[in-house]
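[1] next come a sequence and a model predicted from it.
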There are 2 protein chains.
Amino acid sequence: MDASPDITLVQHRVLTAEREAAHGHQGGVVWLTGLSGAGKSTLAFALEEGLFRRGMSAYALDGDNLRHGLNSDLGFSHADRSENIRRVGHVAALFADAGLVCICAFISPYRADRAAVGEAARGRFHEVYVRADLATCERRDPKGLYKKARAGAVHNFTAISDVYEPPEHPALVVDTTAASVEDSLRVLMDYVEAKFAVGANQSG
Amino acid sequence: MDASPDITLVQHRVLTAEREAAHGHQGGVVWLTGLSGAGKSTLAFALEEGLFRRGMSAYALDGDNLRHGLNSDLGFSHADRSENIRRVGHVAALFADAGLVCICAFISPYRADRAAVGEAARGRFHEVYVRADLATCERRDPKGLYKKARAGAVHNFTAISDVYEPPEHPALVVDTTAASVEDSLRVLMDYVEAKFAVGANQSG
C-alpha cells in the first residue's frame, strides 16, 4: 500500500551538517552480507566497539537480535526474509539520519533486498561482502545450523537449501577464510574512518 | 511466532555505562501520545532540537515519517495501528540502547500497545500525555483530517470514528489546550534533563 496522501513529512530542525559536527563524522550504513559463519556478527560488534573507542558514534544491528524484537513475527520463507531485510534497512536509515554509523550484520541473501536497503539509505549505504568459502563456514558452524540443515532439520538455509546471491559490486570485500578477526577489523576500521569523515564523498 | 531457539543473542561489547559517559546522559524513550492536533510532532521535533542544542543525543520519530518507510505497508485498521506501534516501540528501544533519547510522537490510541512499548524499552520508557481537548484539536486540524473524518471521508479516525484510551498513569502530562509551544517545551526539557541524567532513576 502506498503511503496515504494525508501523511505529511515533518522536518527535523537539526541539520545534517550540525549532527556531523556534533559526532565528528557522517552517519551512514555499513551493511555486512555473507554466509552464516562468515563472521559478520563478530566483525560487526568488534567494529562497533572499535569505532566507539575512537570516539565515533556507532551501533550494530544483527539478525539474531532483531529477530527477538522488531522481526519476531517473521520466519525464514523468501517473503519473510525479504521483509526482515526491508525493515532493518529502514531502521538502519533512521540511525544514519541520526548521525550514527549503523553497522548491520545480516546474511541478506537476495540481491534485490540489499538494493532496496541502499535505496532507503539514500547514498549512505556501504555494501561489504564478508566472504568465506562454504567449507570454512560449515566447519565453523557456530550455531550448529549447517549440521541441522544437512540433516534436513532446518529449511531455507542459505547455501544449503536456499540461494545466496553474492554482491556484484560491493564497496568492500573482507575475506575471512584465512584472515584473522584483527586483520579483517583493521580493514573495516580504515574503510569507515575514510568514508565517514566529515566532507568525504560516501559514494565515491 | 516465537523466536527460533536457534537464534542466539550476540552481546554488544560497549557497556551501557560507557555509552552514558560518552553521551553525558542515559538513553531512553520519551513517548508522546495524544489526539491528532494536540501538538505531539511539533513538540517532538522542538524537543529534539532543544536537547541537541544542549549537547544531548536525541532523535525524534513520528508517525508520519515512519509511515513513509518502515511502516509503509500498514493501514489504519486496529491491527495495523497496533503493528505500527509495536514496530516503532522496538525501533525506539534500539535507539535507547544506543544511548540516545528517542522521542516518539504517535497518537498510539490503544493502552495495550503503549504498554507493550514500555515492555520493549525495559524500564527506559516515559509516557507523556500531550493533552488538548477535542474541540481545540478539531479547530487546529493541521492536516484537515478532522474535517474529512466528520464528512466520512477518513475512517478509523481517533476520537471521531475510533477510540482514544488516555494514559492512566502517565509520567508527565503536557496540556497544550492553552499553553504555548515554548511553555510546553520547557516542561519537557526539564523533565528529560532530570530523568536522563547519568545516575538518575528513570522509573522513579
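    Yep, it's here. Numbering: from 1, shown residues only, chains lettered A, B, ... in the order given.

[2] which secondary element of chain A has the worst mean pLDDT?
    helix A:63-68 (a mean of 85; mean pLDDT, DSSP states H and E).

[3] now the element after that one, going C-ward?
    helix A:78-97 (DSSP states H and E).

[4] what angle do the next helix-or-strand element following that next one and helix A:78-97 make?
    Later in the chain than helix A:78-97, the nearest helix or strand by DSSP H and E is strand A:101-105. For strand A:101-105 and helix A:78-97, the angle between their directions (axes from the mean of the first three to the mean of the last three C-alpha atoms, to 10 degrees) works out to 160 degrees.

[5] which residues are in contact with strand A:101-105?
    The contact list for strand A:101-105, computed with C-beta atoms under 8 Å, 6 or more residues apart in numbering or on different chains, reads A:25, A:27-32, A:40-41, A:43-44, A:47-48, A:51, A:56-63, A:88, A:91-92, A:95-96, A:117, A:192, A:196. The C-beta positions use only the backbone N, C-alpha and C, and glycine is treated the same way.

[6] please redo it, this time with the cut-off set to 7 Å
    A:27-32, A:40-41, A:44, A:47-48, A:51, A:56-63, A:88, A:92, A:95-96, A:192, A:196 (C-beta atoms under 7 Å, 6 or more residues apart in numbering or on different chains).

[7] in CSV, list the C-alpha atoms belonging to it.
    Extracted in CSV, the C-alpha atoms of strand A:101-105 (Å, rounded to 0.1, in the frame of the first residue of the first chain):
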residue,chain,number,x,y,z
VAL,A,101,27.5,4.7,11.8
CYS,A,102,24.9,1.9,11.7
ILE,A,103,26.6,-1.5,11.2
CYS,A,104,24.3,-4.2,10.0
ALA,A,105,25.2,-7.9,10.0
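
[8] residues touching residue A:99, list them.
    Here residue A:99 is in contact with A:19-20, A:22-23, A:27, A:57 (C-beta under 7 Å, 6+ apart).

[9] go with 10 Å
    Each residue near residue A:99 by C-beta atoms under 10 Å, 6 or more residues apart in numbering or on different chains is listed here: A:14, A:16, A:18-28, A:57, B:52, B:57, B:59, B:100.

[10] among the contacts of strand A:101-105, which lie within strands?
    Counted as lying in strands by DSSP state E, out of these, are A:28-32, A:58-62.

[11] and the strand or helix carrying residue A:186, which residues are buried?
    Secondary structure from DSSP H and E places residue A:186 in helix A:181-195. The neighbour-count check on helix A:181-195 (16 or more other C-beta atoms under 10 Å in any protein chain shown) flags A:184-185, A:187-189, A:191-193, A:195 as buried.

[12] save those as CSV, and put in distance to residue A:111 and pLDDT too.
    As requested, the buried residues of helix A:181-195 are exported to CSV (distance: C-beta to C-beta, whole Å; pLDDT from 0 to 100):
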residue, distance to residue A:111, pLDDT
A:184, 23, 97
A:185, 26, 98
A:187, 23, 98
A:188, 22, 98
A:189, 27, 98
A:191, 21, 98
A:192, 23, 98
A:193, 28, 97
A:195, 22, 97
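
[13] closest one of the ones in strands among the contacts of strand A:101-105 to chain B?
    Of all those, residue A:59 has the smallest distance to chain B: 4.1 Å, by C-beta to the nearest C-beta.

[14] measure stretch A:57-68 end to end?
    24 Å (C-alpha to C-alpha, to the nearest Å).

[15] and that stretch, how far out from the chain's middle?
    Distance of stretch A:57-68 from the chain centroid (C-alpha atoms, centre = their mean, to the nearest Å) equals 9 Å.

[16] show me where chain A dips below the pLDDT cut-off.
    Within chain A, the ranges that satisfy pLDDT under 70 run A:1-10, A:204.

[17] can we see that at 90?
    Chain A contains residues with pLDDT under 90 at A:1-11, A:63-65, A:67-68, A:76, A:123, A:142-143, A:203-204.

[18] what values do phi and psi take at the nearest residue to residue A:197 once chain neighbours are set aside?
    The spatial neighbour of residue A:197 that comes closest, neighbours along the chain excluded (C-beta to C-beta, 6 or more residues apart in numbering or on different chains), is residue A:25 at 6.2 Å. Backbone torsions for residue A:25, taken as degrees, to the nearest 10, come to phi -170, psi 170.

[19] what's the spacing between residue A:25 and residue B:173?
    39 Å (C-beta to C-beta, to the nearest Å).

[20] between these two, point out the one with more neighbours.
    residue A:25 (25 against 14; other C-beta atoms under 10 Å in any protein chain shown).

[21] state the distance from the more buried one to residue B:48.
    According to C-beta to C-beta, residue A:25 and residue B:48 sit 20 Å apart.

[22] likewise for residue A:73?
    29 Å.

[23] what of residue A:133?
    46 Å.

[24] looking at the two, which one has more neighbours?
    residue B:48 (25 against 14).

[25] residue A:42 is in contact with residue A:48, correct?
    No - contact between residue A:48 and residue A:42 fails when scored by C-beta atoms under 10 Å: they sit 11.1 Å apart.

[26] rewinding a little: can you mark which positions in the least confident helix or strand of chain A are buried?
    Those would be A:63-67, for helix A:63-68 by 16+ other C-beta under 10 Å.

[27] filter those by proximity to chain B?
    A:63-67 (C-beta under 10 Å from any C-beta of the partner chain).

[28] what's the closest of the residues you listed to residue B:139?
    Distance to residue B:139, by C-beta to C-beta, is smallest for residue A:66 among those, at 42.2 Å.

[29] which non-adjacent residue is nearest that closest one?
    Using C-beta to C-beta, 6+ apart, the closest residue to residue A:66 is residue A:88 (5.9 Å).

[30] identify the residues contacting the one you found.
    Taking C-beta under 10 Å, 6+ apart, one finds A:29, A:31, A:61-63, A:66-67, A:70-71, A:102, A:104-106, A:108, A:113, A:117, A:120, B:70 in contact with residue A:88.
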